[in-house]
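**Student:** just to be clear, the model below is a prediction. Sequence and coordinates:
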Amino acid sequence: MRTRVHDLLAQAADSAPGRPALTYKETTVAYGELWSRALSVGAQLAALGLERGDRVAIYLEKRVETVVALFAASVADGVFVPVNHVLKPPQVAHILRDSGARFLVTSADRLGQLADGLDGTALTDVIVVGEPRTGPFDALRVHPWAGEQPSGEAPRAGSIDVDPAAILYTSGSSGKPKGVVLSHRNLIVGAESVSSYLGNTADDVILSVLPLSFDAGLSQVTTAFAVGAHCVLMNYLLPRDVPRLCEKHGVTGITGVPPLWLQLVEAPWPAETAGRLRYWANTGGRMPRTILDRLRATFTAADPYLMYGLTEAFRSTYLDPAEVDRRPDSIGKAIPNAEVLVLRPDGSRCAPGEEGELVHRGALVALGYWNDPVRTAERYRPVERPGQEWRAPELAVWSGDTVVADEEGFLYFVGRTDEMIKTSGYRVSPSEIEEAAYATGLVRDAVALGVEEPGLGHRIVLVATSAEGQLEGSALTTALRQVLPLYMVPSAIDLRDELPRSPNGKFDRVLMKAQVSA
């Protein structure tokens, strides 16, 4: 029985200890050895005084020790807080302070970068991977990594499946990142659900290209461990590196976000390597139709999975590959063991074709926002269950995303409530403008933004990069006028060499909106 997230690793190690679990660069670690290392570091954390529910922040690039630390925190009855390795010291310090982490796992050079920003944190102990670090850390105790020492028994645990297991920090529409608290149950059910509809088996080789601090990135590891598959870790640098790794390790599955796929579709894919992919999946935003078509032409033997997820519910929907030709713009239906509703503001159900808010209920609904009961109460609210009025109130997560369901129950993403553009009395989805821009073939990247305009509501600004060569904004505007009604045609085109991205690889809409509004 799996009750805590490290059971995913423990059971895989028990059933097939010699099977490859993780690969990073030239190092491959089998399940038995990986579990032994997690036990060792878990015992180290317990010996250092970790108590049930203490937070363990992990600030490392994606590597074997990073994954060991995640599961070791669970072994020791702690809560892991993965910190994206591309974040800078001020952002890391915010996460450390906000989470109240007592323990930090990092490298010597990263600890040195953080040294001046640790005031106000609750840190007491730092475990350093690699060369030890000495220096003036005052109250901090610094320890060498124990992951290579012989393991013992797992420390006695008190947590159960509904207790916190992880805090994932996610950027909001404004303000500093907020921590979403996931339970052991969230992570285990998510891994089992996703692996079931993707058809994952122990024969799969899954490329982990998204950050482990991102729910979809962490899911690549947990999904692999749920079935005893082989997970290949990659710190993404250049698009051409992805086909090379896929060729080297025989990768059968990749999950990415739209900006990543926009780059990967341009990379050179050897036919044999592309043909080995069993599936590829998209999450974190709508896949432009033109890119979808190109990816399907590249990976001819692979099933495309168009998914939707939000950190507050880990995973939510997917489109069955058999439906992609019929409804390529759909985000599908609820994943196994989840229910997704389309509701009006008063909680009543929307009719087919009527726009409403996506509301997710079930075992994947997270516990709330860390140390923020006000924001938690805004997003996690009860849902009515007709005929079940006798039951205790059930909290669901109200996503803030506008969707619409068709007569057969397939869902279509319209836009985020806080990203919808209101212009000349119309409500406009940014994705509709972006889709039209991609369809022109003139742009590589496109983000539509609504900028406050007195009397109009919003004026529309399209921030884009050229598909190839020089592009005049007037040429793109002319092309858009051919396919969009006048009120949807951007009033301004902002052409750039590159678009800013968040640490999770998504387009940074908040930053771009601030830039174009200035």
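**Tutor:** Yep, that arrived.

**Student:** going by neighbour count, which residues in stretch 18-37 are buried?
**Tutor:** 20-24, 29-37 (16 or more other CB atoms under 10 Å). Just so you know, the C-beta spots here come from the backbone N, C-alpha and C atoms, and that holds for glycine as well.

**Student:** how far does it sit from its chain's centre?
**Tutor:** Centre-to-centre, stretch 18-37 and its host chain are 24 Å apart (CA atoms, centre = their mean, to the nearest Å).

**Student:** what's in contact with it?
**Tutor:** Applying CB atoms under 8 Å, 6 or more residues apart in numbering, the external contacts of stretch 18-37 come out as 9-10, 12-13, 16-17, 62-64, 67-68, 72, 147-148, 150-151, 202, 224-225, 228, 230-233, 249.

**Student:** let me see the mean pLDDT of that stretch.
**Tutor:** The predicted model assigns stretch 18-37 a mean pLDDT of 97.

**Student:** okay, how far is it across that stretch, tip to tip?
**Tutor:** Here the two ends of stretch 18-37 are set 14 Å apart, with distance taken as CA to CA, to the nearest Å.

**Student:** now swap in stretch 497-511 and tell me
**Tutor:** Length of stretch 497-511, first residue to last, CA to CA: 16 Å.

**Student:** same question for stretch 58-65.
**Tutor:** Length of stretch 58-65, first residue to last, CA to CA: 10 Å.

**Student:** in a helix, residue 403, correct?
**Tutor:** No - going by DSSP: H, G, I helix; E, B strand; the rest coil, the assignment for residue 403 is strand, not a helix.

**Student:** what strand or helix carries the closest residue in space to it that isn't next to it in sequence?
**Tutor:** In space, and not counting its chain neighbours, residue 403 is closest to residue 358: 4.6 Å by CB to CB, 6 or more residues apart in numbering. For residue 358, the host element (DSSP states H and E) is strand 356-362.

**Student:** and that strand, what's buried?
**Tutor:** 356-362.

**Student:** can I get the CA coordinates of it in PDB?
**Tutor:** What follows is strand 356-362, C-alpha atoms only, in PDB (Å, rounded to 0.1, in the frame of the first residue of the first chain):
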ATOM      1  CA  GLY A 356     -17.800  29.000 -17.000                       C
ATOM      2  CA  GLU A 357     -15.000  28.500 -14.500                       C
ATOM      3  CA  LEU A 358     -13.200  25.100 -14.400                       C
ATOM      4  CA  VAL A 359     -13.600  23.600 -11.000                       C
ATOM      5  CA  HIS A 360     -11.700  20.400 -10.000                       C
ATOM      6  CA  ARG A 361     -12.800  18.000  -7.300                       C
ATOM      7  CA  GLY A 362     -11.300  14.800  -6.000                       C
END
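
**Student:** name the strands paired with it and say parallel or antiparallel.
**Tutor:** Sheet pairing of strand 356-362 (DSSP bridges) gives strand 338-343 (antiparallel), strand 395-405 (antiparallel).

**Student:** show me how far that strand is from its chain's centre.
**Tutor:** Relative to the centre of its chain, strand 356-362 is centred 18 Å away, using CA atoms, centre = their mean.

**Student:** list the contacts of it.
**Tutor:** 308, 310, 312-313, 316, 334, 337-345, 349-350, 383, 394, 396-404, 411, 417.

**Student:** and if you look at stretch 376-395?
**Tutor:** Contacts for stretch 376-395 (CB under 8 Å, 6+ apart): 312, 341, 343, 347, 359, 361, 365, 368-369, 396-398, 400.

**Student:** helices or strands up against the helix or strand following the strand holding residue 358?
**Tutor:** Counting by DSSP H and E, the next helix or strand C-terminal to strand 356-362 is strand 368-369. Applying 3 or more CB pairs under 8 Å, 6 or more residues apart in numbering; DSSP states H and E, one finds that strand 368-369 makes contact with strand 178-183, helix 373-379.

**Student:** list the buried ones in the last one?
**Tutor:** Yep, that's helix 373-379 we're talking about. For helix 373-379, a neighbour-count test (16+ other CB under 10 Å) marks 376, 379 as buried.

**Student:** next helix or strand past that helix?
**Tutor:** That would be, after helix 373-379 and using DSSP H and E, strand 380-382.

**Student:** direction included, what does that next one pair against?
**Tutor:** Next to strand 380-382 in the sheet, as set by DSSP bridges, lie strand 395-405 (antiparallel).

**Student:** quick one on the thing from earlier: who wins for proximity to residue 269 among the helices and strands packed on strand 368-369?
**Tutor:** Closest approach to residue 269 among these (CB to CB): strand 178-183, 34.2 Å.

**Student:** gap between the two ends of stretch 328-348?
**Tutor:** Distance across stretch 328-348, first residue to last, is 28 Å (CA to CA).
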